[in-house]
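Student: Below: sequence and its predicted model.
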Amino acid sequence: MADAEIRRFHLEIPQADLDDLRDRIGRTRWSGEIGGQGWSRGVPVDYLKGLAEYWAGSYDWRKAEARLNEFPQFLTTVDGQDIHFAHVRSAKADATPLLLIHDWPGSFVQFIELIEPLSADFHLVVTNTPGVGFSGPLTGPGWNTGKIAAAFVELMARLGYDRYGVQGNGGGAWIAAEMGRQASDHLIGVHLNGLITFPSDDPADFADLTEIEQQRLARLQEFRDDKMGFSAIQSTRPQTLAYGLHDSPVGQLAWIVEKFKEWTDAAADLPEDAVDRDHLLTNVSLYWFTGTAGSSANLYYEMSHDLGAFAPKPRGTVPTGVIATSTTDVAIRRFADRDHNITHWTEVERGGNFLSLEQPVLLIKDIRAFFSELS
């Protein structure tokens, strides 16, 4: 089948696109702001101006591009949708295949610090989710969590991997867990960070919560009450949002950098205090150059309009490992046990949703530990 073909991919953004980016940043019509509000109403204008100036004048896309091209990259088409991925085979012939899945507003860029060390022990497949980066734009509706999970199962089959592990963060954790439900006979284990767990209506769920569990439940409630504006827009009017983000690099930058501020370690004053600034801008650049702000927003629309997205599901049977941070995460073990076959649970002090960029050494250690328990 033509769609089953695996095609080589080389990342090379035309110079005209780089020149256009810098020109657009230079011509930004900057909004004013109500002074003294910090980050409480969104990204402060002085901070954003400084970051945009660095993006246009000092950030080196060609250096980042060369780094990404060190990893063999490919495209394949599933159900009419391109899927872009890096495929880095270990020198160990019998290494465990491992699929890495990001969430929004990340990309395969967020695994850049994991690839070389993990490839010592794993055959790595590092994806861009459909609709993001070179896996986008979306070619049609219906790309919800279940369909993406099925596409990734198909991808691993095309690569000849019958038994493999999966690692996912945030929204990628939802996809990874769904792969476990769809293809439990193929998955060795599922490793998650940035996991979101929800209590049921049973009052017993709230009995004897530890102090840290109470803090996590409070964070979850705060997120629902105060920090879901981005989701409300992307879940209802992604096309309207797309015009602004597709036309303005500073708009795209602000939309993404705000999430890196809110979802990284709570102790970090600025996003670049938690994540390397160049890695952050490489991720934003990938969205900009591929024009996938709108299609990535549509992933939220698909999930919110999927009647089965939040319906009760059978408890997962695949062995599942979780790493959770004390300062940022919302995952509670008893709720996770209800939904997943948790066999490994690690608590760490620092880090946020983008643990692969914030604390790569800790994440690598935990991935290795979890899968070594399954061998």
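Tutor: Okay, I see it.
Student: Tell me the helix or strand right after the strand or helix carrying Arg181.
Tutor: Per DSSP states H and E, Arg181 falls inside helix 171-182. Going down the chain from helix 171-182, the next helix or strand is strand 187-193, by DSSP H and E.
Student: Mind listing what's buried along that following strand?
Tutor: By neighbour count on 16 or more other Cβ atoms under 10 Å, the buried set for strand 187-193 is Leu187, Ile188, Gly189, Val190, His191, Leu192, Asn193. Any C-beta I mention is one placed from the backbone N, CA and C, and that applies to glycine too.
Student: Could you tell me the angle between that strand and helix 171-182?
Tutor: 160 degrees (axes from the mean of the first three to the mean of the last three Cα atoms, to 10 degrees).
Student: So which elements touch strand 187-193?
Tutor: Judged by 3 or more Cβ pairs under 8 Å, 6 or more residues apart in numbering; DSSP states H and E, strand 187-193 is in contact with strand 164-169, helix 171-182, strand 319-325, helix 360-374.
Student: Where do the strands of the stretch 1-150 of the chain begin and end?
Tutor: 7-9, 73-78, 81-88, 96-101, 122-127 (DSSP state E, counting those that start in this stretch).
Student: on that earlier part again, tell me which residues of the helix holding Arg181 are tucked away?
Tutor: For helix 171-182, by 16+ other Cβ under 10 Å, it's Gly171, Gly172, Ala173, Trp174, Ile175, Ala176, Ala177, Glu178, Met179, Gly180, Arg181.
Student: Specify the angle between it and strand 164-169 in degrees.
Tutor: 150 degrees.
Student: For helix 171-182, give me every contacting residue.
Tutor: With Cβ atoms under 8 Å, 6 or more residues apart in numbering as the test, helix 171-182 has contacts from 99, 101-104, 106, 129, 145-146, 148-150, 152-153, 166-168, 187, 190-196, 299, 313-314, 316-318, 320, 339-340.
Student: swap in stretch 48-57?
Tutor: So stretch 48-57 is contacted by 21-22, 25-26, 28, 30, 249-250, 253-254, 257, 277, 281, 284-285 (Cβ under 8 Å, 6+ apart).
Student: Could you rerun that using 10 Å?
Tutor: Residues external to stretch 48-57 that are found in contact with it (Cβ atoms under 10 Å, 6 or more residues apart in numbering): 18, 21-26, 28, 30-31, 33, 42-44, 59, 61, 249-251, 253-254, 257-258, 270-272, 277-278, 280-281, 284-285, 288.
Student: Just the mean pLDDT for that stretch, thanks.
Tutor: Stretch 48-57 shows a mean pLDDT of 98.
Student: how big is the angle separating the host helix or strand of Glu222 from strand 319-325?
Tutor: Following DSSP H and E, the helix or strand that holds Glu222 is helix 211-226. Helix 211-226 and strand 319-325 are oriented at 80 degrees to each other (the same axes, to 10 degrees).
Student: CA atoms of helix 211-226 as CSV?
Tutor: Taking C-alpha atoms only, helix 211-226 is exported to CSV below (Å, rounded to 0.1, in the frame of the first residue of the first chain):
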residue,chain,number,x,y,z
GLU,A,211,-0.8,16.7,52.6
ILE,A,212,0.8,16.4,49.1
GLU,A,213,-2.3,14.8,47.7
GLN,A,214,-4.4,17.6,49.1
GLN,A,215,-2.0,20.1,47.4
ARG,A,216,-2.4,18.2,44.1
LEU,A,217,-6.2,18.2,44.4
ALA,A,218,-6.1,22.0,45.0
ARG,A,219,-3.9,22.5,42.0
LEU,A,220,-6.3,20.5,39.8
GLN,A,221,-9.2,22.6,41.0
GLU,A,222,-7.3,25.8,40.4
PHE,A,223,-6.4,24.6,36.9
ARG,A,224,-10.1,23.9,36.2
ASP,A,225,-11.3,27.2,37.6
ASP,A,226,-8.6,29.6,36.5
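Student: For it, name the packing helices and strands.
Tutor: The contact analysis (3 or more Cβ pairs under 10 Å, 6 or more residues apart in numbering; DSSP states H and E) places helix 211-226 against helix 249-263, strand 319-325, helix 333-339.
Student: Ok, which of the ones you listed comes nearest Ser200?
Tutor: helix 333-339 (7.5 Å; Cβ to Cβ).
Student: what's the following helix or strand after that closest one?
Tutor: strand 341-348.
Student: before we move on, the earlier item: hey, which of the helices and strands packed on strand 187-193 is tucked in deepest?
Tutor: Of the helices and strands packed on strand 187-193, the one with the most neighbours on average (mean count of other Cβ atoms under 10 Å) is strand 164-169, at a mean of 27.
Student: what residues does the least confident helix or strand in the chain by mean pLDDT touch?
Tutor: Of all helical and strand segments in the chain, the minimum by mean pLDDT, DSSP states H and E falls on helix 211-226, at a mean of 88. With contact meaning Cβ under 10 Å, 6+ apart, helix 211-226 is reached by 40, 196-199, 205-206, 209-210, 227, 231, 262-263, 266, 324-335, 347.
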